[in-house]
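In: turn this into a structure:
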Amino acid sequence: MVSIIVAFKKQTDAANIRNLLTRFGYNVVGVCTSGAAVLNVIDQMIDSDGIVICGCRLGDMDCFNLHKYLPEYYEMVVMGSQVALGQMEYMEVLKIALPMKTQTFMNNIELLETTMLRRRKKRREMPKSRSGEERILIDSAKSLLMEAKKYTEEEAHRYLQKTSMSNGTSMVETAQMVLELFG
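Out: Numbering: from 1, shown residues only. All right, here's what the predicted structure looks like:
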């Protein structure tokens, strides 16, 4: 589930949107009246992504400035009048005109959440890139295993993988242990 932060200039507006979202089962982690408070909530969160639902203006900044400060994997939903949203054509955010229909709003949030969860899954499935130093360390450990245990390169790699998985360590840490043991 994606974490949601609600931010409006008026506390009552923010509370109303939070209540609507929680009624539909969403995880609202913060209700704010300023951009600084939104950024503070984000700093305290462990998750790497989330949604900020806000009005066009907050207590200390507008949505343009807040959008600039959001971390890479955060999405923004801006709610406001048709006129105010019309001035934000170039902003790549979901815009919802007020007054709104509850079901349309919830459908938009559900679609945004689904998209974000797919992106999160793709990011996690991407192989992590290793630095040149880490690759050299793993290759050295494989060479040592090939020499000491007469493994093929594939067997040495598989040995490092299995050992790191069973010990709960990374391949780099396992390679360091192999170099210390056999080196």
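In: remind me what the helix ranked longest in the chain packs against, helices and strands.
Out: The longest helix of the chain (DSSP state H) is helix 102-125. If contacts are counted by 3 or more C-beta pairs under 8 Å, 6 or more residues apart in numbering; DSSP states H and E, helix 102-125 sits against helix 11-23, strand 50-55, strand 74-80, strand 94-97. Bear in mind the C-beta positions are built from the backbone N, C-alpha and C, glycine included.
In: only the buried residues of that helix, if you could.
Out: Buried residues in helix 102-125, defined by neighbour count with 16 or more other C-beta atoms under 10 Å: Phe105, Met106, Ile109, Leu112, Glu113, Met116.
In: try stretch 168-183
Out: Within stretch 168-183, the residues that count as buried by 16+ other C-beta under 10 Å are Met171, Val172, Thr174, Ala175, Gln176, Met177, Val178, Leu179.
In: what about those, which are in helices?
Out: Using DSSP H, Met171, Val172, Thr174, Ala175, Gln176, Met177, Val178, Leu179 are the members of the buried residues of stretch 168-183 that sit in helices.
In: and the second one, how far from Lys128?
Out: When you say that, I think you mean Val172. Separation of Val172 from Lys128 (C-beta to C-beta, to the nearest Å): 10 Å.
In: as a markdown table, the ones in helices among the buried residues of stretch 168-183 with distance to Asp49 would be great.
Out: Listed next are these as a markdown table, based on distance: C-beta to C-beta, whole Å:
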| residue | distance to Asp49 |
| --- | --- |
| Met171 | 26 |
| Val172 | 26 |
| Thr174 | 30 |
| Ala175 | 31 |
| Gln176 | 32 |
| Met177 | 34 |
| Val178 | 36 |
| Leu179 | 37 |
